[in-house]
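1. please find the sequence and the predicted model below.
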Amino acid sequence: MTPTAIIREAAADGVRLALSPAGTIKAAGDAAAVHRWLPVIREFKPGILAALSPIAPDLEHLIVRAGAFWEYSHDDYVLIREVARRDPDGLRLALENDVAFSRRELTS
């Protein structure tokens, strides 16, 4: 199960996962549902933390521009944003060197 799927399925069960100001996972909702999800949250904690972490605005801009050029689907955006959270510098480098950004009208 991917961290994104865990966040989505927990939300469907009434559990909202968020990044706390201290950088930990905050689970809110029905106490019984939160209790059911705690073992899964603990097991996948690093991935969930990464999935909840914000993407730098400049990297998000590159993702959106590449998505417009390559016509990303919703699933494509989910996957590329997972990569952005795991390896932001690598993705930024890849997108900056993407053929989509070599076209003159997209670089302005």
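-> Perfect, thanks for sending it. It should be emphasised that the depicted structure is a prediction, and the values quoted were computed from it without experimental measurement. Numbering: from 1, shown residues only.

2. isn't Ile48 up against Ile6?
-> Yes - if you go by C-beta atoms under 8 Å, Ile48 and Ile6 touch, sitting 6.1 Å apart. C-betas here are computed from N, CA, C, even on glycine.

3. can you list residues touching both of those two?
-> Leu17, Ile41 (C-beta atoms under 8 Å, 6 or more residues apart in numbering).

4. look at those two and report which has more neighbours.
-> Ile48 (23 against 20; other C-beta atoms under 10 Å).

5. and the next element down the chain from the host helix or strand of the more buried one?
-> Element membership for Ile48 (DSSP states H and E) is helix 45-52. Downstream of helix 45-52, the first helix or strand assigned by DSSP H and E is helix 57-70.

6. how about the CA coordinates for that next one, as CSV?
-> C-alpha atoms of helix 57-70 as CSV (Å, rounded to 0.1, in the frame of the first residue of the first chain):
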residue,chain,number,x,y,z
PRO,A,57,6.5,26.3,-5.0
ASP,A,58,9.1,26.4,-7.8
LEU,A,59,9.1,22.7,-8.1
GLU,A,60,5.3,22.6,-8.2
HIS,A,61,5.4,25.2,-11.0
LEU,A,62,7.7,22.9,-13.0
ILE,A,63,5.4,20.0,-12.4
VAL,A,64,2.4,21.9,-13.6
ARG,A,65,4.2,23.2,-16.7
ALA,A,66,5.5,19.7,-17.6
GLY,A,67,2.0,18.3,-16.9
ALA,A,68,0.4,20.8,-19.3
PHE,A,69,3.0,20.0,-22.0
TRP,A,70,2.8,16.2,-21.6
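
7. picking up where we left off before, and the contacts of the helix holding Ile48?
-> Helix 45-52 has contacts (C-beta under 8 Å, 6+ apart) with 2-4, 6-7, 17-19, 23-25, 41, 82, 85-86.

8. what's the ChimeraX line that selects buried ones from those residues?
-> Of those, the buried ones go into a single ChimeraX selection, burial set by 16 or more other C-beta atoms under 10 Å:
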select :3,4,6,7,17,25,41,82,85
